[in-house]
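S.K.: Have a look at this prediction, sequence included:
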Amino acid sequence: MNLKIKDKLNYFLKNDEDYPILSGFSVGFYAMVFYFSNNFDLVNSWEQTLFFLFYYIIVSVGVVFVISKIIEKSKYNSFVSQAIFVSMLLLLPIYLFGISNILDSNKKMGLVLILILSLFIFKIKNYKYCIVLLFLMSVIPVIKFGKIIYLNYTNSTEWKLQPDAILKAEFKKKPNIYYIQPDGYAGEVNLKGNLYRYDNTAFDTFLKEKKFTLYPNYRSNYESTLFSNSSCFFMKHHFSNEFSKFKYARDLIIGENPVLKILKNNNYKTFFITERPYLLMNRPEVFYDYCNFKVGELPYLSDGWSDFREITNTIKTQIINNKDTNNFFFIEKFKPGHIATYKFAGTNKEKERIKYIESIEEANQWLQQIIVFIEAKDPGAMIIIGADHGGFVGFDYALEAQKKVTDSMLIQSIFGAKLAIKWNNVQHSEYDSKLKTPVNLFRTVFSFLSEDKNLLNHLQPDASYNCYDPTDFTKVYKAIDENGSTAKF
């Protein structure tokens with residue numbers, strides 16, 4: 001270490017001067033870069049950046065400074081250093097875990113109390129070592145954050161370009177289109193198999209009676225809602241490396257994308273109706289004409305999962321109130337979902353399978369209800385029941401799938417997904433014979449509506465990609481190839 005730097009560091013650590021502003025800044029800075037480096041796709045808007053600068057930096061500096069000044073002017077002025085230290089030890093876990101999580105955990109709360117009592121019992125007051133430690137701890141998230149910024153500036157956007165003139169497609173038929181996405185709804189092959197062991201015949205019979213075409217071998221191209229939908233709405237593969245120019249999956253799904261542009265070019269009014277604002281949390285520029293969540297209503301410290309709204313009446317109201325326009329509805333239903341995301345005490349495959357089957361049955365009831373209503377109010381509608389991925393049954397928890405999976409049944413459990421379409425036209429068989437994955441869903445639909453089979457000349461490869469490194473989602477392998485064969489290592 002340079003001698004001058006070493007001397008300055010020793011002076012900083014050993015002098016009697018207090019640094020409340022630097023203390024608060026060190027806590028807020030570490031908490032902020034840690035949060036941003038791990039959640040950048042959720043918080044990459046300028047509005048959120050300004051909020052978190054205030055929440056992490058200004059608040060922490062203000063709290064530590066005010067407490068230190070209050071103690072300094074009181075009869076306890078000999079405890080200013082301990083007060084600064086206590087403030088730091090209280091703020092840091094609050095930022096990292098949240099007050100509710102700390103209060104709900106006796107271990108976390110007990111640890112904080114023990115640390116604080118130790119400061120006073122042993123008269124520990126040199127919090128400056130903590131400042132240095134926090135800045136050293138900030139190095140890794142700062143490097144990670146720097147890599148994110150670099151990739152955003154350098155990642156190519158070429159994958160978004162269409163290989164033909166599909167953006168100019170002119171529809172010869174203009175039915176209202178309902179794209180209903182039941183999250184994580186497994187396909188027929190999976191449900192009948194040894195992992196799921198569920199007979200879904202009653203619901204499939206209902207769909208067939210309603211003139212739906214079922215696609216039993218349909219599967220997703222990616223393992224997550226974000227990756228699957230961004231590929232689907234761009235009708236292109238991104239290989240889990242879609243982010244660039246500070247545009248992430250949510251921006252691509254909810255913002256301006258080829259599917260919505262084509263629909264609007266054909267005078268469709270567009271609706272996004274969702275039970276949870278999961279796809280809205282980074283404040284994307286909403287390209288839909290209607291959304292049941294307003295961006296200004298969304299909380300900052302949330303992933304959107306806890307804010308639930310019942311959507312049945314909203315869907316019915318929007319259908320009734322928009323009879324005079326051509327309409328496209330993207331309806332996000334978070335049932336059945338998939339098995340538990342994280343490992344926790346008592347998690348096991350069979351318990352998760354049972355819970356998943358219960359969710360399938362709830363989803364079936366809701367889907368039957370909404371399909372009957374759509375048919376009654378809009379008998380000529382095109383209805384697409386299309387899941388974003390499978391249910392992950394067979395794993396103990398969903399994140400367990402983020403590795404190189406060799407078992408073909410488990411791979412199918414990740415990707416095998418439900419697809420059923422009510423075309424209301426027997427000619428669909430001339431267009432959908434090669435429909436196997438979401439990346440080609442809308443290209444097939446638009447080819448059918450425009451009666452242009454040339455659009456099918458540029459179908460994307462029906463490959464499925466899985467992440468094998470949970471710390472880097474760009475590290476993927478081809479789990480299922482274009483011919484449906486699973487990976488071998």
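M.R.: Perfect, I can see it now. Numbers count the residues shown, from 1 in each chain.
S.K.: I'd like to know how far residue 141 sits from residue 29.
M.R.: Using Cβ to Cβ, to the nearest Å, we find residue 141 at a distance of 10 Å from residue 29. Where you see a C-beta, it was placed from the backbone N, CA and C, and this is true even at glycine.
S.K.: can you check residue 409 too?
M.R.: With distances taken as Cβ to Cβ, residue 409 is found 47 Å from residue 29.
S.K.: neighbour count winner among those two?
M.R.: Legend: neighbour count by other Cβ atoms under 10 Å for residue 409 and residue 29, higher for residue 29 (20 against 17).
S.K.: Which secondary structure state is assigned to that one?
M.R.: Taken by DSSP: H, G, I helix; E, B strand; the rest coil, the conformation at residue 29 corresponds to helix.
S.K.: same thing with residue 483?
M.R.: Each residue gets one of three states, and residue 483 gets coil by three-state DSSP.
S.K.: ok, how many other residues are close to it?
M.R.: Residue 483: 8 surrounding residues under other Cβ under 10 Å.
S.K.: Which pLDDT value goes with it?
M.R.: At residue 483, the model reports a pLDDT of 89.
S.K.: Likewise for residue 354?
M.R.: At residue 354, the model reports a pLDDT of 95.
S.K.: ok, now how distant is it from residue 237?
M.R.: From residue 354 across to residue 237, the span is 35 Å (Cβ to Cβ).
S.K.: show me the contacts for residue 72.
M.R.: Applying Cβ atoms under 8 Å, 6 or more residues apart in numbering to residue 72 gives the contacts residue 80.
S.K.: thought residue 452 was touching residue 168?
M.R.: No: using Cβ atoms under 8 Å, residue 452 is not in contact with residue 168, being 10.2 Å away.
S.K.: Compare these two (neighbour count), which wins?
M.R.: The neighbour comparison of residue 452 against residue 168 (other Cβ under 10 Å) goes to residue 452, with 18 against 10.
S.K.: tell me the secondary structure for residue 256?
M.R.: Under three-state DSSP, residue 256 comes out as coil.
S.K.: Low-confidence regions, the stretch 351-489 of the chain specifically.
M.R.: Along the stretch 351-489 of the chain, segments meeting pLDDT under 70 span 470, 489.
S.K.: those strands in it, which residues are they?
M.R.: With DSSP state E, counting those that start in this stretch, the ranges of strands along the stretch 351-489 of the chain come out as 382-386, 419-422, 464-467, 476-480.
S.K.: Verify the contact between residue 48 and residue 295 for me.
M.R.: No: if you go by Cβ under 8 Å, residue 48 and residue 295 don't touch, sitting 10.9 Å apart.
S.K.: elements contacting the helix or strand hosting residue 146?
M.R.: Here residue 146 sits within helix 139-154, counting by DSSP states H and E. Contact here means 3 or more Cβ pairs under 8 Å, 6 or more residues apart in numbering; DSSP states H and E; on that basis helix 139-154 packs against helix 20-39.
S.K.: So which elements touch the helix it packs on?
M.R.: Where contact means 3+ Cβ pairs under 8 Å, 6+ apart, helix 20-39 is packed against helix 46-52, helix 59-72, helix 80-97, helix 128-137, helix 139-154.
S.K.: So what touches it?
M.R.: The contact list for helix 20-39 (Cβ under 8 Å, 6+ apart) reads 43, 52-53, 56-65, 67-69, 84, 87-88, 91-92, 95-96, 127, 130-131, 134-135, 137-138, 141-142, 144-145, 148, 303.
S.K.: Return the angle between stretch directions for it and helix 128-137.
M.R.: Helix 20-39 runs at 30 degrees relative to helix 128-137, counting by axes from the mean of the first three to the mean of the last three Cα atoms, to 10 degrees.
S.K.: Check the offset of helix 20-39 from the chain's centre.
M.R.: Helix 20-39 has its C-alpha centroid displaced from the chain centroid by 24 Å (Cα atoms, centre = their mean, to the nearest Å).
S.K.: In the helix holding residue 146, which residues are buried?
M.R.: Neighbour-count burial for helix 139-154 flags 141, 142, 144, 145, 148, 152 (criterion: 16 or more other Cβ atoms under 10 Å).
S.K.: Who are the contact partners of the first one?
M.R.: So the one you mean is residue 141. 30, 33, 34, 36, 37, 38 are the contacts of residue 141 under Cβ under 8 Å, 6+ apart.
S.K.: looking just at contacts, which helices and strands does the helix of greatest length in the chain meet?
M.R.: Criterion DSSP state H: the longest helix present in the chain is helix 349-377. For helix 349-377, the contact count by 3+ Cβ pairs under 8 Å, 6+ apart identifies strand 177-182, helix 201-209, helix 312-321, strand 326-333, strand 382-386 as packing neighbours.
S.K.: Enumerate the positions of the third one that are buried.
M.R.: Right, helix 312-321. Neighbour-count burial for helix 312-321, counted by 16+ other Cβ under 10 Å, picks out 314, 315, 318, 319.
S.K.: elements contacting it?
M.R.: With contacts taken as 3+ Cβ pairs under 8 Å, 6+ apart, helix 312-321 sits against strand 268-274, strand 326-333, helix 349-377.
S.K.: Give me the distance between the closest residue to residue 400 other than its chain neighbours and residue 484.
M.R.: By the measure of Cβ to Cβ, 6 or more residues apart in numbering, the closest residue to residue 400 outside its immediate chain neighbours is residue 343, 7.4 Å from it. The gap separating residue 343 from residue 484 is 30 Å, by Cβ to Cβ.
S.K.: Next: residue 468.
M.R.: From residue 468 to residue 484 the distance is 20 Å (Cβ to Cβ).
S.K.: between the two, which one's more packed in?
M.R.: Higher neighbour count among residue 468 and residue 484: residue 468, with 16 against 13, using other Cβ under 10 Å.
S.K.: hang on, the earlier thing: filter the contacts of helix 20-39 down to the buried ones.
M.R.: Buried, going by 16+ other Cβ under 10 Å: 43, 52, 56-57, 59-61, 63-65, 67-68, 84, 87-88, 91-92, 95, 127, 130-131, 134, 138, 141-142, 144-145, 148, out of these.
S.K.: helix or strand for the residue lying farthest from the centre of the chain, which one?
M.R.: Largest separation from the mean C-alpha position in the chain: residue 75, at 51.7 Å (Cα atoms, centre = their mean). Counting by DSSP H and E, residue 75 is held by no secondary-structure element, helix or strand.
S.K.: tally of neighbours for residue 197?
M.R.: 11.
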